[in-house]
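J.: Here is my input; please provide its structure:
(2 chains)
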Amino acid sequence: GQQLNQSPQSMFIQEGEDVSMNCTSSSIFNTWLWYKQDPGEGPVLLIALYKAGELTSNGRLTAQFGITRKDSFLNISASIPSDVGIYFCAGRSGNTPLVFGKGTRLSVIA
Amino acid sequence: GAVVSQHPSRVICKSGTSVKIECRSLDFQATTMFWYRQFPKQSLMLMATSNEGSKATYEQGVEKDKFLINHASLTLSTLTVTSAHPEDSSFYICSANRPPGELFFGEGSRLTVL
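T.: Down below sits the predicted model:
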């Protein structure tokens, strides 16, 4: 099925560094969602975005809904070891099923 | 706390048997639930959309007779893998929409078919 273009595919960073990842789509979306998945568990919703230009924070996480409605980014500030995991973006237009990015695998070196 | 609960989290079965996985929305009613399959180190692949009170909608390439979906109430959808074979071994995850548009996932069910 359709996939979003999520980048980077993987990242290795030092503890305390900031992290940025993004997703782009060829389609216009009206919802962007960001998830984190730990091994062997289901994805956990981090941030939900519903308006173009919207900037939303959840603790050290910040995500934005791009003005063009075709992209979104997620920033993590001052990374800590428990930030390790796979981060997925997901987007949707109307009531269509969510389309998922392929994920960004984050590794944090203490 | 969890808003979507999935059970069982792990199941091991013999080839040829059927396995049922339950997905429940805990504090909201979900007229629509979704079933995904995830292979190691890959993204989620939508298998089917489960509609309360009507037939599920399957994605292309997903066998509806193999993966039976029942959405009998506004808080429960079940996925039954019929006559399971080793190639059906995977991580199966359900999700449900909580208005206004947040999609929450269950904890996932790891199926191993021997």
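J.: Would you mind listing what in chain B touches chain A?
T.: Residues of chain B lying close to chain A (Cβ under 8 Å from any Cβ of the partner chain) are B:4, B:6, B:34, B:42-46, B:49, B:59-60, B:91, B:93, B:95, B:100-108, B:110. Placement of C-beta: from N, CA and C, glycine included.
J.: let's see 7 Å
T.: Applying Cβ under 7 Å from any Cβ of the partner chain, we find that chain B lies next to chain A at B:6, B:34, B:43-44, B:46, B:49, B:59, B:93, B:101-108, B:110.
J.: Give me the PyMOL select line for those residues, limited to the buried ones.
T.: Burial among the residues of chain B next to chain A is assessed by 16 or more other Cβ atoms under 10 Å in any protein chain shown; the matching PyMOL selection reads:
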select buried, chain B and resi 6+34+43+44+46+49+93+102+103+104+105+106+107+108+110
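J.: isn't there a strand covering A:Ser82?
T.: No. Assessed with DSSP: H, G, I helix; E, B strand; the rest coil, A:Ser82 is helix; it does not lie in a strand.
J.: That one and chain B, how far apart?
T.: Applying Cβ to the nearest Cβ, to the nearest Å, the value for A:Ser82 to chain B is 18 Å.
J.: okay, and the helix or strand of chain B with the least pLDDT?
T.: Counting by mean pLDDT, DSSP states H and E, the weakest-scoring helix or strand in chain B turns out to be strand B:102-105, with a mean of 89.
J.: who's in contact with that strand?
T.: With contact meaning Cβ atoms under 7 Å, 6 or more residues apart in numbering or on different chains, strand B:102-105 is reached by A:33, A:42-43, A:45, A:48, A:98, B:3-4, B:93, B:95-98.
J.: what's the helix or strand for B:Leu111?
T.: B:Leu111 belongs to strand B:109-113 when assigned by DSSP states H and E.
J.: Please identify which of the contacts of strand B:102-105 is nearest to B:Thr17.
T.: B:Ile93 (21.3 Å; Cβ to Cβ).
J.: any idea how far the closest one lies from A:Arg69?
T.: Separation of B:Ile93 from A:Arg69 (Cβ to Cβ, to the nearest Å): 27 Å.
J.: ditto for A:Ala90
T.: Between A:Ala90 and A:Arg69 the computed distance is 14 Å (Cβ to Cβ).
J.: again, but for A:Ser25
T.: The gap separating A:Ser25 from A:Arg69 is 9 Å, by Cβ to Cβ.
J.: If anything else comes up later, I'll come back, but that's it for now.
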